[in-house]
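A.B. asks: Starting from these lines, generate the structure:
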Amino acid sequence: VVTLYVLSAPLSLLKPPSPVLTADVTFDPETANQWLIVSEDGKEVRDTDTRQRVTDNPMRFDCYTIVLAREGFTSGRHYWEVEVRGKTKWDLGVARESVNRKGEITVSPCNGYWTVWLRNENEYEALNDSSVPLPLRVKPQTVGVFLDYDEGQVSFYNAQSHSHLYTFTDSFTEPLYPYFSPCNNDSGKNAAPLVICPLSTLSAPRHPLGKFKL
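C.D. replies: Got it, this is the predicted structure:
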């Protein structure tokens with residue numbers, strides 16, 4: 001095992017960093033697609049192949065199994081972790097407040113989404129303006145998402161191994177919300193929920209020089 005120090009900011013930016021705020025994120029049921037069930041505490045979401053009796057509203061995604069967090073960010077550095085254990089597919093990332101939530105959606109930065117996903121149990125991709133395959137040696141059980149709003153970065157990590165998965169670099173001009181999709185149930189094959197981890201278990205990046213095992 002080789003231990004590297006991965007530079008996540010240019011040398012010119014290596015000044016005392018602003019604090020990283022571990023984000024107390026909860027799912028917003030008002031944004032959840034009608035096929036999703038959000039737990040009462042707002043920490044779990046799953047698809048059960050059963051349409052829920054919910055009212056339509058402008059905030060709700062009506063075509064894909066997507067849900068946003070209640071909490072949005074307009075500045076600062078924020079970190080949260082999501083348990084993806086037992087799932088064969090999922091999406092995680094952030095989305096602009098103004099994203100289209102009705103009908104067909106193309107998930108990409110130009111449309112206001114910065115996300116990675118899993119498909120077919122072991123196919124990981126970053127959904128940049130073109131898909132970027134992520135050849136991972138270790139399958140993440142928990143994924144960390146690190147948003148540095150002011151520096152225009154969204155980074156993803158395997159939270160157990162502290163290994164870096166991918167970083168988007170862009171500029172942000174409006175509120176960003178944590179984005180999630182447990183994807184469809186797939187007749188029980190993908191029934192496990194997405195679970196937002198408690199703050200007490202998080203280990204947020206603390207410095208632009210982060211220590212990761214590759």
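A.B. asks: Mind listing what's buried along stretch 69-82?
C.D. replies: 69, 72, 73, 77, 78, 79, 80, 81, 82 (16 or more other CB atoms under 10 Å). C-betas here are computed from N, CA, C, even on glycine.
A.B. asks: Same check on stretch 191-198?
C.D. replies: By neighbour count on 16+ other CB under 10 Å, the buried set for stretch 191-198 is 191, 192, 193, 194, 195, 196, 197.
A.B. asks: can you redo the buried residues of stretch 69-82 as JSON lines with distance to residue 129 and pLDDT?
C.D. replies: Formatted as JSON lines, those follow (distance: CB to CB, whole Å; pLDDT from 0 to 100):
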{"residue": "69", "distance to residue 129": "24", "pLDDT": "98"}
{"residue": "72", "distance to residue 129": "24", "pLDDT": "97"}
{"residue": "73", "distance to residue 129": "23", "pLDDT": "98"}
{"residue": "77", "distance to residue 129": "25", "pLDDT": "95"}
{"residue": "78", "distance to residue 129": "24", "pLDDT": "95"}
{"residue": "79", "distance to residue 129": "25", "pLDDT": "95"}
{"residue": "80", "distance to residue 129": "25", "pLDDT": "96"}
{"residue": "81", "distance to residue 129": "27", "pLDDT": "96"}
{"residue": "82", "distance to residue 129": "24", "pLDDT": "98"}
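A.B. asks: residues touching residue 52, list them.
C.D. replies: Residue 52 makes contacts with 34, 35, 36, 37, as judged by CB atoms under 8 Å, 6 or more residues apart in numbering.
A.B. asks: Ok, residue 21 next?
C.D. replies: When the contact criterion is CB under 8 Å, 6+ apart, the partners of residue 21 are 76, 77, 78, 79, 204.
A.B. asks: nearest spatial neighbour of residue 30, skipping sequence neighbours?
C.D. replies: Distances taken as CB to CB, 6 or more residues apart in numbering place residue 59 nearest to residue 30, at 5.1 Å, with adjacent residues excluded.
A.B. asks: Look up which helix or strand the one you found falls in, please.
C.D. replies: Counting by DSSP states H and E, no helix or strand carries residue 59.
A.B. asks: swap in residue 79?
C.D. replies: Applying DSSP H and E, one finds residue 79 within strand 77-83.
A.B. asks: Just the closest of the buried residues of stretch 191-198 to residue 134, please.
C.D. replies: residue 194 (18.4 Å; CB to CB).
A.B. asks: Touching, the closest one and residue 183? I think so.
C.D. replies: No. Using CB atoms under 8 Å, residue 194 is not in contact with residue 183; the gap is 9.2 Å.
A.B. asks: got any residues that touch both of the two?
C.D. replies: With CB under 8 Å, 6+ apart, residue 194 and residue 183 have common neighbours 87, 90.
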